[in-house]
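Undergrad: coordinates only, sequence not included:
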């Protein structure tokens, strides 16, 4: 496995990432990450063959239980009998005669397609592409017509509330991208809207010219923007006329002499007497009469304050110091818990970044609850161990031992 590309989804778009991998026919894995979820999509020769996610609803056991085929308790008991983890659920169910190979393959394919549709609609988060990655077992071609699947997923996002939020101002302007891209999978309304985009028409104008109802037109714009065929620009503001430029159609006026006093009709404000160039010229010439006077700041009089400060008595109670003692690669470091929420994982956005391949990008976090700290596992791939027991949530006590991958962390109160 070798690193290839990384970036922010909001700058590129999930659809663009998929189209790029398809066009370059790469054999890669793309890791999409955000604080609450991690999804990995495996490609072979530019085609998606597997997709796995940490989202609870996109887990195989959750799908089987929701469909009524099996109960979660039965799956957990089978895992215990086989002494295997969640990543081997297909093999466990087949070995326990709880499912057939054909039924498991069908469920995995449907689940991968659902996970792929989910991640294709992401608008925020990070992505990392690794080349030369072997796909996991049960890999298969998820979607023969991948571009069409992406567009269908984007159309599924077009709910009225979401569109109203995205296009909150009808004065925004759509601008076509300069790059050419095939639009064969676009619908008729999407083609109609794309043909009207010229970089000057507002959303309101395009809706009127398209003869489409507002929801259909806005849905088409959402798809075009998500595919990066168009860009949504903010409303243009009418520029204010420059003080030394006359309005269009008005006769040119020469510089007028400065009035001698209030009777000269001075309305107040520096722009009524001078241009910026005149003020600068007078400053350089050293003319003291025309320099804008400084307004003196009022002096602070401490005697005017009626507040009386009294020394706070020493009650003999000192706040607790709480920290994490991290031991990794034979090095120990004390990290203070200085924020109410303290995130731990591989991703650089965490408060504590650990370069351990067995640790998830957003692995766990430590939070304050009342006068105590609790540790929360963020559905990490290899779990969070507290005093050798796997936990999802637990209250921390002095000298508790936390293990994430091969990294050991002690919770210290002093």
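TA: In hand now; what should we look at? Since the structure is predicted, the reported quantities are computational estimates derived from the model, not experimental observations.

Undergrad: quick one: mean pLDDT over stretch 402-411.
TA: Mean per-residue pLDDT for stretch 402-411: 93.

Undergrad: quick check: mean pLDDT of stretch 226-243?
TA: pLDDT averaged over stretch 226-243 gives 69.

Undergrad: over to residue 130. Which of the three states is it?
TA: Following DSSP: H, G, I helix; E, B strand; the rest coil, residue 130 is assigned to strand.

Undergrad: for it, give me the pLDDT.
TA: 84.

Undergrad: kindly report the same for residue 362.
TA: 84.

Undergrad: tell me who's in contact with it.
TA: Residue 362 is in contact with 33, 34, 35, 36, 38, 343, 345, 347, 350, 378, 380, counting by C-beta atoms under 8 Å, 6 or more residues apart in numbering. Placement of C-beta: from N, CA and C, glycine included.

Undergrad: ok, so of these, who is nearest residue 75?
TA: For the contacts of residue 362, the residue nearest residue 75 by C-beta to C-beta is residue 380; the value is 19.8 Å.

Undergrad: follow-up on the earlier one: okay if I get the contacts of residue 362 as JSON lines plus pLDDT, distance to residue 96 and secondary structure?
TA: Shown next, in JSON lines, are those (pLDDT from 0 to 100; distance: C-beta to C-beta, whole Å; DSSP: H, G, I helix; E, B strand; the rest coil):
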{"residue": "33", "pLDDT": "88", "distance to residue 96": "33", "secondary structure": "strand"}
{"residue": "34", "pLDDT": "86", "distance to residue 96": "35", "secondary structure": "strand"}
{"residue": "35", "pLDDT": "84", "distance to residue 96": "35", "secondary structure": "coil"}
{"residue": "36", "pLDDT": "82", "distance to residue 96": "32", "secondary structure": "coil"}
{"residue": "38", "pLDDT": "88", "distance to residue 96": "28", "secondary structure": "strand"}
{"residue": "343", "pLDDT": "86", "distance to residue 96": "38", "secondary structure": "strand"}
{"residue": "345", "pLDDT": "87", "distance to residue 96": "34", "secondary structure": "strand"}
{"residue": "347", "pLDDT": "83", "distance to residue 96": "37", "secondary structure": "coil"}
{"residue": "350", "pLDDT": "82", "distance to residue 96": "38", "secondary structure": "coil"}
{"residue": "378", "pLDDT": "87", "distance to residue 96": "30", "secondary structure": "coil"}
{"residue": "380", "pLDDT": "86", "distance to residue 96": "26", "secondary structure": "coil"}
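
Undergrad: which among the residues you listed end up buried?
TA: The neighbour count (16 or more other C-beta atoms under 10 Å) marks 33, 34, 38, 343, 345, 347, 350, 378, 380 as buried among these.

Undergrad: pull the contacting residues for the last one.
TA: Pointing back at residue 380 there. Applying C-beta under 8 Å, 6+ apart, the residues contacting residue 380 are 54, 345, 359, 360, 362, 363, 364, 404.

Undergrad: pLDDT weak spots in the stretch 1-150 of the chain?
TA: 1-4, 13, 84-87, 137-147 (pLDDT under 70).

Undergrad: all strands of it, in order?
TA: 2-8, 28-34, 37-44, 47-53, 126-131 (DSSP state E, counting those that start in this stretch).

Undergrad: so what are the sheet partners of the fourth one and their directions?
TA: By that I understand strand 47-53. Paired neighbours of strand 47-53 in the sheet (DSSP bridges): strand 37-44 (antiparallel).

Undergrad: ok, residue 401 to residue 368 distance?
TA: Residue 401 is 20 Å from residue 368, where distance means C-beta to C-beta, to the nearest Å.

Undergrad: that older thread, save the strands of the stretch 1-150 of the chain as CSV, and put in distance to residue 202 too.
TA: Listed next are the strands of the stretch 1-150 of the chain as CSV, based on distance: least, C-beta to C-beta, whole Å:
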stretch, distance to residue 202
strand 2-8, 28
strand 28-34, 32
strand 37-44, 36
strand 47-53, 37
strand 126-131, 32
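
Undergrad: buried stuff in the particular helix or strand that has residue 326 in it?
TA: Residue 326 belongs to strand 322-328 when elements are defined using DSSP states H and E. Across strand 322-328, burial judged by 16+ other C-beta under 10 Å covers 322, 323, 324, 325, 326, 328.

Undergrad: do stretch 48-65 as well
TA: Going by 16+ other C-beta under 10 Å, stretch 48-65 has these buried residues: 48-55, 58-61, 63-65.

Undergrad: chain center to that stretch, what's the gap?
TA: 22 Å (C-alpha atoms, centre = their mean, to the nearest Å).

Undergrad: that one: end-to-end distance?
TA: Using C-alpha to C-alpha, to the nearest Å, the span of stretch 48-65 from its first residue to its last is 26 Å.

Undergrad: who touches that stretch?
TA: Outside stretch 48-65, the residues that reach it (C-beta under 8 Å, 6+ apart) are 18, 37-43, 70-72, 75, 86, 89-90, 99, 107-108, 110-116, 118-119, 135-136, 138-143, 146, 360, 379-381.

Undergrad: now list the buried members of those residues.
TA: By 16+ other C-beta under 10 Å, the contacts of stretch 48-65 give 18, 37-43, 70, 75, 89-90, 99, 107-108, 111-113, 115-116, 118-119, 135, 138-139, 142-143, 146, 360, 379-381 as buried.

Undergrad: go through the residues you listed and flag which are in helices.
TA: 18, 75, 89-90, 107-108, 111-113, 115-116, 118-119, 146 (DSSP state H).

Undergrad: which one of those is nearest residue 205?
TA: Set against residue 205, the nearest of these by C-beta to C-beta is residue 18 (31.9 Å).

Undergrad: and the gap between the closest residue to that closest one other than its chain neighbours and residue 156?
TA: Leaving aside its chain neighbours, residue 18 sits nearest to residue 150 (6.1 Å; criterion: C-beta to C-beta, 6 or more residues apart in numbering). Here the criterion is C-beta to C-beta. By it, residue 150 lies 11 Å from residue 156.

Undergrad: next: residue 48.
TA: With C-beta to C-beta as the criterion, residue 48 and residue 156 are 18 Å apart.

Undergrad: before we move on, what about residue 384?
TA: Counting by C-beta to C-beta - residue 384 and residue 156 are separated by 34 Å.

Undergrad: repeat for residue 363
TA: 31 Å.

Undergrad: who's more crowded, those two?
TA: Counted by other C-beta atoms under 10 Å, residue 363 and residue 156 do not tie: residue 363 has more neighbours, with 27 against 12.

Undergrad: sweet, I'm off.
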